[in-house]
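Visitor: This is the structure alone, sequence omitted:
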């Protein structure tokens, strides 16, 4: 039997060149991403391990993004520790509080490349499958081991294949598609698995849309999500990566999958999906939740804070006002995104319509700062998780949706189908 | 980190439902706390506000499907370990939580119908080496076998001592 994308990529990183689903293998990683968890948790672990030298300072990105700029003394101290670490170890790639959310920075700086094995100390690390990388989230101790040695053990995942064809209608985004898929799978429907997204819809998608889909795959429990390289990812890499060559991977024709799921968006058209509290897998057609009153509308995060997300919000809100009593908060995913949105006039449009625009940070998505919810407040959000208490008070409610649905809802003050306000 | 007692974990059950995500175990707003014993006071607070103050050493967290879904935060199993929880038994675990729990020296066992088999507050005796869970009434439940690597890590007391052992071994 042939190899899946996950097996192929992992096999090029093991000492014996083999990796078959179900096996536990030792693999060498190409790149590691860490954020505030470095200062808060990883550094004490490295000390306890007696490690005083990282394996390769050129293959590490350190980012201060979760609480950026520091909203309190504790996070300020964590940022200081990260800066000290970067200086002491001569880390090549460092993003302080002024450049954005780690996963977008990986993309902006061209650090996620085809065929690579990338580990991040963050569950949404699976986003880089958009660039044909095997990327997965681990936590502090496993990341410390990798920072020390460049390798760790991995269970080779089984793979689940998706064949997606047909066009996404206007105002329906890749977020709607992935919320539908996560709902179809359930919150543990892909635990430990690698999701492979194929088909003309995926091949013609922009990089931001592809990243959104890979990013959200962890919400079904997946270990990684991988796409084959397409034209938009190739031109993105050509523009942003310091490397000029890479080895894109394709699965073998006879690769073995747990299951193949087919979605044909032409014969079975997709509308906007909203995931109701308290699970991303609780997706509903927007019609089922239309009219629910909201206090806050949030556009941002590693899931949907990119230029096309800001653009569609600006398109919906241009010349109009955010509903009275509703806060629309926009947190661009990175400074590069922010600057492009300023230059394109989207930021002016959104500020004029009544939006609050913050600096790039994980901020409100992780319940950190810049948009925390109070008791009994209801938010519609373009982020990735609506667990109880995720964005603030345990008695607040979060509905997950695409940036288009969030913008339309901000305009009307209630959950709204973006197709109805266009 | 101490070496764990793996043969005879005797503790009282704290029973939870399915999909107890990492925000339920420890909310994002506490992650900037550098002191684990302070952070641990907020463990499982949304679900059971009395948990952190009343949990006893070796008590057992029992849950339904998909325990620990969501964030990669190692703080989730760590605060349970800091509070002295003996082990977690769930019907299934999210991937990163499962791996993390062994890394911090907190054993996690999978028993497919555990929430139907045990009551909140009852005492269980867990033998991790044999993968058995013994109820008050003598009934023995069998857990899914753990990969030898996970047993090695948890026997060492977590991934840090395991890593140090391996370095010495080389």
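Guide: Yep, it's here. A quick note: this is a predicted structure, and the numbers were derived from the prediction, not measured. Residues are numbered from 1 along each chain as shown, chains lettered A, B, ... in the order given.
Visitor: Grab the nearest non-local neighbour of residue A:82.
Guide: Across the structure, with C-beta to C-beta, 6 or more residues apart in numbering or on different chains as the measure, the residue nearest residue A:82 apart from its sequence neighbours is residue A:39 (4.6 Å). Bear in mind the C-beta positions are built from the backbone N, C-alpha and C, glycine included.
Visitor: Could you tell me which residues make contact with the one you found?
Guide: Each residue near residue A:39 by C-beta atoms under 8 Å, 6 or more residues apart in numbering or on different chains is listed here: A:77-82, A:85.
Visitor: let's see 7 Å
Guide: Applying C-beta atoms under 7 Å, 6 or more residues apart in numbering or on different chains, we find residue A:39 in contact with A:78-79, A:81-82.
Visitor: Likewise for residue B:159?
Guide: Shown in contact with residue B:159 (C-beta under 7 Å, 6+ apart): A:141, A:145, B:103, B:153.
Visitor: got it, and residue B:126?
Guide: B:9, B:60, B:86-87, B:133.
Visitor: Please apply the same query to residue A:107.
Guide: Taking C-beta under 7 Å, 6+ apart as the criterion, residue A:107 is in contact with A:207, A:211.
Visitor: could you point out which element follows the helix or strand where residue A:302 lies?
Guide: With elements taken from DSSP states H and E, the one containing residue A:302 is helix A:301-304. Toward the C-terminal end, the helix or strand that comes next after helix A:301-304 (DSSP H and E) is helix A:307-317.
Visitor: Give the other helices and strands that that next one contacts.
Guide: In this structure, helix A:307-317 packs against helix A:207-216, strand A:296-300, helix A:335-343, helix A:346-353, helix A:403-412, with contacts taken as 3 or more C-beta pairs under 7 Å, 6 or more residues apart in numbering or on different chains; DSSP states H and E.
Visitor: That helix: how far from the chain's middle?
Guide: Chain-centre distance of helix A:307-317: 18 Å, with C-alpha atoms, centre = their mean, to the nearest Å.
Visitor: List the buried residues for that helix?
Guide: Neighbour counts using 16 or more other C-beta atoms under 10 Å in any protein chain shown place A:307-314, A:316-317 of helix A:307-317 among the buried residues.
Visitor: pLDDT averaged over the helix holding residue A:302 - what is it?
Guide: Taken as a whole, helix A:301-304 has a mean pLDDT of 98.
Visitor: again, but for stretch A:401-408
Guide: For stretch A:401-408, the mean per-residue pLDDT is 98.
Visitor: now the helices and strands packed on helix A:307-317 in TSV, with mean neighbour count and distance to residue A:50?
Guide: Rendered in TSV, the data for the helices and strands packed on helix A:307-317 read as follows (neighbours: other C-beta atoms under 10 Å in any protein chain shown; distance: least, C-beta to C-beta, whole Å):
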stretch	mean neighbour count	distance to residue A:50
helix A:207-216	27	36
strand A:296-300	30	40
helix A:335-343	18	37
helix A:346-353	19	48
helix A:403-412	30	47
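Visitor: Including distance to residue B:39, could the ones you listed go into TSV?
Guide: Listed next are the helices and strands packed on helix A:307-317 as TSV, based on distance: least, C-beta to C-beta, whole Å:
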stretch	distance to residue B:39
helix A:207-216	27
strand A:296-300	26
helix A:335-343	31
helix A:346-353	37
helix A:403-412	32
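Visitor: Any idea which of those gets closest to chain B?
Guide: Across these, chain B has its closest neighbour in helix A:207-216 (12.2 Å, C-beta to the nearest C-beta).
Visitor: The closest one near chain B at all?
Guide: No: judged by C-beta under 7 Å from any C-beta of the partner chain, helix A:207-216 stays clear of chain B, getting no closer than 12.2 Å.
Visitor: just to revisit the earlier point, and which of the buried residues of helix A:307-317 is nearest to residue A:365?
Guide: Taking C-beta to C-beta as the measure, residue A:365 sits nearest to residue A:309 out of the buried residues of helix A:307-317, at 13.1 Å.
Visitor: I'd like to know how far the closest residue to that closest one other than its chain neighbours sits from residue A:27.
Guide: Computed as C-beta to C-beta, 6+ apart, the closest residue to residue A:309 that is not its neighbour in sequence is residue A:403, at 3.9 Å. When distance is defined by C-beta to C-beta, to the nearest Å, residue A:403 is 36 Å away from residue A:27.
Visitor: Residue B:127 now?
Guide: Residue B:127 sits 33 Å away from residue A:27, taking C-beta to C-beta as the criterion.
Visitor: The two: which is more packed in?
Guide: Here residue B:127 and residue A:27 are set side by side on neighbour count (other C-beta atoms under 10 Å in any protein chain shown), and the busier one is residue A:27, at 22 against 15.
Visitor: related to what we said a few turns ago, residues contacting the residue nearest to residue A:309?
Guide: Residue A:403 sits next to A:173, A:299, A:304, A:309, A:312-313, A:382 when contact means C-beta under 7 Å, 6+ apart.
Visitor: on that earlier part again, can you list which of the contacts of residue B:159 are found in helices?
Guide: For those, membership in helices holds for A:141, A:145, B:103, B:153, with DSSP state H as the criterion.
Visitor: now, the most widely separated pair of those?
Guide: With distance counted by C-beta to C-beta, no two of the ones in helices among the contacts of residue B:159 lie farther apart than A:145 and B:153, which are 11.0 Å apart.
Visitor: And the longest helix anywhere in chain B, what's buried?
Guide: Taking DSSP H as the criterion, chain B has its longest helix at helix B:159-169. Of the residues in helix B:159-169, those buried by neighbour count under the rule 16+ other C-beta under 10 Å are B:159-163.
Visitor: what mean pLDDT would you report for it?
Guide: If you average the per-residue pLDDT over helix B:159-169, you get 87.
Visitor: how far is it from where the chain is centred?
Guide: With C-alpha atoms, centre = their mean, you get 22 Å for helix B:159-169.
Visitor: same check, this time on stretch A:90-100
Guide: Relative to the chain's own centre, stretch A:90-100 is displaced by 19 Å; criterion: C-alpha atoms, centre = their mean.
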